[in-house]
Every structure is written in structure tokens, then in C-alpha cells.
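S.K.: next comes the sequence, and after it the predicted model I'd like to discuss.
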Amino acid sequence: MRILVVEDEHRIANTIKKGLEQERNAVDVAYTGTDGFDLATSEDYDLIILDLMLPGMDGISLCKNLRKKGLHTGILILTARGQIHDKIAGLDCGADDYLTKPFSFEELLARIRAIVRRPRTSINTILTVEDLQLDPKSFIVKRQDMPIQLSNKEFALLEYLLRNTNKILTKEQIISHVWNYDANILPNTVEVYIRNLRKKIDVPYKTNRSLIQTIRGFGYKIGIR
């Protein structure tokens, strides 16, 4: 998944970023509400983690403005403000969930899974195409019930392809979703990762049809020909 963290306390923001990246997510961080709004409306995210007390634009205003623009990305408010009226205000402004600091990172992950499960995808559902399976929760990938070892980025790329089965994805879409906003990635990097994925999920299974397809002039897709 690609996640945006909007948090003005650098230590907390960077800790969350590091933890989420260890869970195979691509994570961008904004330290002001204004920067968070700009990123949220210009990039494609699966989830936004949002503090309330932000410089530039507070979290409530940011959440309201994103919803007014028709952005349906899941929003989890993560704040030290734990009074009932704060929670009501946060949920009424359009947030999907509300978690107070200090928090357990395991609970944060569980709430992220719950949010993403609702509107757009099912993070706990095993993704499949033909005899290939990917479990986003346990990070297990199998083909013909044989485990396949992938790097973090290979896993993220395969997950993105599987969540868009039979859809053509351009290199630009793949880069913007699998890598961080500030990552220095060239289009041929995608080619390298696609080639590596093919070696692991297609080449060893020559009796089966190749699942990852190159659509010349457009991009890549995974699915049945």
C-alpha cells in the first residue's frame, strides 16, 4: 500500500514511517497540514494517517477539505487529543477512525487493515489470479502451493498488480504507487523489477501461461490473456 503520514512531530512521523515501511508499505510524510493537503490531492494513496494539531492547516480542516474535493481515501486520525468531543469532531469531519497517542503499533496496523478493507480493497483477503496467491497480511506468496520469496519492493509491485488484475498499469502509475514520492526512480527501474518478478512467478512454471504481460506502448498487467 501507499500511505501518507501527516504529522508535525518529526520523531513520531519518522517512527511511523519506518514501522510502516517494514510492513512493505510505501510511505510519504508531510509535516504541515498545507503540505499534507497538496500531497493528498496530487498523489494516489490507499490511506492517510492524520494528526489534528498541525501548522498551516489543522487536521479537522484538512479532513473536511479533502472530503469536499471528493477524495474517498481512508483517513485515520492519530492524535494526543482524546476527549470525547475531539473524537466526535474528528469522525464527523469525515475520518474513518480515530486513535489516540500513545498507541500500540500493532493496534495501528489493525486499524489500518480495517479501514482499507471497507471502501476500496480487502487487505485481509488473499489475492489470486489462476494458481498464484498473495496474502497481504502474512506476506506469503505461492504458486501451485509452492512458496515464492520476494523482496519488499517485489512484493509491493506484485500486490499492486494483483489489486488491479487485468488492468493496464503504466510505468508512471507503478512508480507513483509502489515507491515514495521523493524516491529517485527511473522508468527502467520498473522494467528491472518486472523482469525479476517474472523470473520468480512465471519462468519456473513453464507449463502454465505467463501471468505478467507487457502491453507494448502502454505498460504492464497481470491476469489471464
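M.R.: Looks like it arrived, so ask away.

S.K.: residue ranges of the helices in this structure, please?
M.R.: Secondary structure of the chain, counting by DSSP state H: helices at 10-22, 33-42, 59-68, 84-92, 105-117, 152-162, 171-178, 187-201.

S.K.: packing partners for the shortest one?
M.R.: With contacts defined as 3 or more CB pairs under 8 Å, 6 or more residues apart in numbering; DSSP states H and E, the packing partners of helix 171-178 are strand 2-6, helix 152-162, helix 187-201, strand 219-222. C-beta: built from backbone N, CA, C; applies to glycine.

S.K.: for the last one, packing partners?
M.R.: Contact partners of strand 219-222 among helices and strands, from 3+ CB pairs under 8 Å, 6+ apart: helix 152-162, helix 171-178, strand 212-215.

S.K.: show me what the shortest one is packed against.
M.R.: In this case it means strand 212-215. Using 3+ CB pairs under 8 Å, 6+ apart: strand 212-215 touches helix 187-201, strand 219-222.

S.K.: ok so, going back, lowest mean pLDDT across the helices and strands packed on strand 219-222, which one is that?
M.R.: Among the helices and strands packed on strand 219-222, helix 171-178 carries the lowest mean pLDDT, a mean of 87.

S.K.: residues in contact with that helix?
M.R.: For helix 171-178, the external contacting residues (CB atoms under 8 Å, 6 or more residues apart in numbering) are 2, 26, 43-44, 153, 156-157, 160, 183, 185, 187, 189-191, 219-220.

S.K.: let's see 7 Å
M.R.: Helix 171-178 is contacted from outside by 2, 26, 43-44, 153, 156-157, 160, 185, 187, 190, 219, using CB atoms under 7 Å, 6 or more residues apart in numbering.

S.K.: what separates K199 from E154, distance-wise?
M.R.: 10 Å (CB to CB, to the nearest Å).

S.K.: sorry, wrong one. I was asking about Q144.
M.R.: Taking CB to CB, one finds Q144 at 19 Å from E154.

S.K.: give the buried residues for stretch 216-223.
M.R.: 219-223 (16 or more other CB atoms under 10 Å).

S.K.: same question for stretch 20-31.
M.R.: Per 16+ other CB under 10 Å, stretch 20-31 contains these buried residues: 20, 23-31.

S.K.: I'd like those as TSV, with pLDDT appended.
M.R.: As requested, the buried residues of stretch 20-31 are exported to TSV (pLDDT from 0 to 100):
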residue	pLDDT
L20	94
E23	89
R24	87
N25	90
A26	91
V27	94
D28	95
V29	96
A30	96
Y31	97
